[in-house]
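what would the 3D arrangement of this be:
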Amino acid sequence: MVLYSLWMIRVYYKHPNVHWTDHSPPWFICVSLGLGVFVCFVSCSGHVAAETSNGHCLSCYMFFIFLLIAMEAAITADVFLNRNWEEDFPKDPTGRFESFKNFLRSNFEMCEWIGFVVVAAEGLCMFLSMILRALGPDHGIYCDRDEENMYATVPLLGNQVHQAPPYFADPLLHK
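A predicted model of the protein is given here:
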């Protein structure tokens, strides 16, 4: 989405009637770019959360995935339940949004399947992160007394340094 948005900005500014100092890119391009950056951020935080098996990172990742699914559900509900859904979006002076709508209408079945796969993948990611959080290393560390709770001194991201095994020389090779 980020690359597509950058390409759309390039095409927008190459238009003969648009000068780069006069106009900012249309809302559709900016929303696509922002959503692409957000998805990259969520993917990166999910990778960090899965690598460290940290409960806090996994909770933040699940929250971001939930926000993404809720936003998709709200937009989908608006499009399917509101007959005048096009009025909810700002006007696009370039006509690119209109060509995007025509593309979606002409390839509606393919877009349905892509949307289903994306939502299913997001749901699966959220489910797997819940499982990883439930089975993670901080499962069952809650203590009744402060002396027993050493978990408060553990850093947020575990610094696991893997040491290489010591090197041994084979005595039979040196004879």
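
regarding the nearest residue to D88 once chain neighbours are set aside, what is its secondary structure?
Distance criterion C-beta to C-beta, 6 or more residues apart in numbering; nearest residue to D88, sequence neighbours excluded, is D78 at 6.2 Å. Just so you know, the C-beta spots here come from the backbone N, C-alpha and C atoms, and that holds for glycine as well. The three-state assignment at D78 reads helix, by DSSP: H, G, I helix; E, B strand; the rest coil.

all helices of this protein, in order?
Assigned by DSSP state H, the helices in the chain fall at 2-14, 27-52, 55-81, 96-106, 108-135.

closest one to P90 among the ones you listed?
Set against P90 and scored by C-beta to C-beta, those come closest in helix 27-52, at 5.0 Å.

what packs against that closest one?
With contacts taken as 3 or more C-beta pairs under 8 Å, 6 or more residues apart in numbering; DSSP states H and E, helix 27-52 sits against helix 2-14, helix 55-81, helix 96-106, helix 108-135.

got JSON lines for those helices, with mean pLDDT too?
Conversion of those to JSON lines gives the following (pLDDT from 0 to 100):
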{"stretch": "helix 2-14", "mean pLDDT": "83"}
{"stretch": "helix 55-81", "mean pLDDT": "84"}
{"stretch": "helix 96-106", "mean pLDDT": "81"}
{"stretch": "helix 108-135", "mean pLDDT": "85"}
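
among the ones you listed, which comes closest to G36?
With C-beta to C-beta as the measure, helix 2-14 is the member of the helices and strands packed on helix 27-52 nearest G36 (3.8 Å).

pull the number of nearby residues for the closest residue to S24 other than its chain neighbours.
Using C-beta to C-beta, 6+ apart and skipping residues adjacent in sequence, the residue nearest S24 is C30, 7.7 Å away. A count of nearby residues for C30, using other C-beta atoms under 10 Å, gives 14.
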